[in-house]
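>>> Got a sequence here, can you model it:
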Amino acid sequence: MTTDEELNLLDTQLRRLKIEYEMFFNNPAKRPPNDIEWKVLSLLRKFSDGARMNFAQRYRYNEMAQRYAIQSDLWRKKMRIREEGYRRPQDAILGVQGVRVNEAREAKRHVYGAGRDAKNGDEPFSVQCSDAANEREKVESLYKALAAAKQQAGEKTSGNFDSFAAFVKRKTSELRKQHQCSSVEYSVEVRNGEVKLKAKAKG
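Numbers count the residues shown, from 1 in each chain. Purely as a prediction, here's the structure:
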């Protein structure tokens with residue numbers, strides 16, 4: 001099975017897991033979908049180092065790892081409420097509607113880019129550029145990661161891809177000249193619910 005096929009399988013399993021958990025929380029007699037969740041976690045761990053993936057595949061993996069972490073945080077909260085009982089009106093609302101926006105942001109803050117290092121959930125999505133004008137795939141993956149992070153954080157994405165690519169090209173040239181380096185590492189970081197794009201000289 002190719003990497004793309006396994007990522008497709010992971011996406012399918014994630015969707016199935018979400019449906020199974022919804023059925024579980026709506027049916028007191030149903031058991032949690034532990035078997036499916038184990039399969040999801042096995043696939044997430046398999047690709048956690050990112051070594052077998054190209055930039056597009058790594059971006060896709062990071063998005064799914066982030067989605068699972070946010071959803072699993074929600075399921076954990078709902079599971080606790082289910083076990084303890086609905087003691088407050090807001091607990092009942094949580095059990096039906098899900099976590100509040102700030103709770104989702106907090107969960108996301110700990111997992112963005114988790115696919116890079118299973119031991120370090122805070123490691124950001126990053127790419128290295130040495131000639132941004134001829135590295136469209138890298139710049140596009142960075143743009144998508146930044147846009148996805150901003151969307152989930154409730155921020156507006158300013159500018160289109162062309163303007164972003166022009167910025168990365170200009171910034172890369174400036175930093176390489178300033179630091180006499182071979183490349184520039186760009187990373188998308190989420191801290192305290194705010195999305196930051198950082199650039200660092202490399203090599």
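
>>> need the longest helix for this protein.
helix 55-84 (DSSP state H).

>>> elements contacting that helix?
Using 3 or more Cβ pairs under 8 Å, 6 or more residues apart in numbering; DSSP states H and E as the contact criterion, the neighbours of helix 55-84 among helices and strands are helix 3-26, helix 34-46, helix 89-97, helix 101-109, strand 125-129, helix 136-152. All C-beta atoms are positioned from the backbone trio N, CA, C, and that covers glycine.

>>> Now do it and helix 136-152, the angle between them.
20 degrees (axes from the mean of the first three to the mean of the last three Cα atoms, to 10 degrees).

>>> what's the distance between Leu7 and Glu63?
Using Cβ to Cβ, to the nearest Å, Leu7 is found at 10 Å from Glu63.

>>> what does the domain assignment say about this protein?
3-116, 125-202 (automatic domain parsing).

>>> Can you lay out those domains as JSON lines showing mean neighbour count?
Conversion of the domains of the chain to JSON lines gives the following (neighbours: other Cβ atoms under 10 Å):
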{"stretch": "domain 3-116", "mean neighbour count": "16"}
{"stretch": "domain 125-202", "mean neighbour count": "16"}
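
>>> how about those domains in CSV, adding mean pLDDT?
Rendered in CSV, the data for the domains of the chain read as follows (pLDDT from 0 to 100):
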stretch, mean pLDDT
domain 3-116, 73
domain 125-202, 84
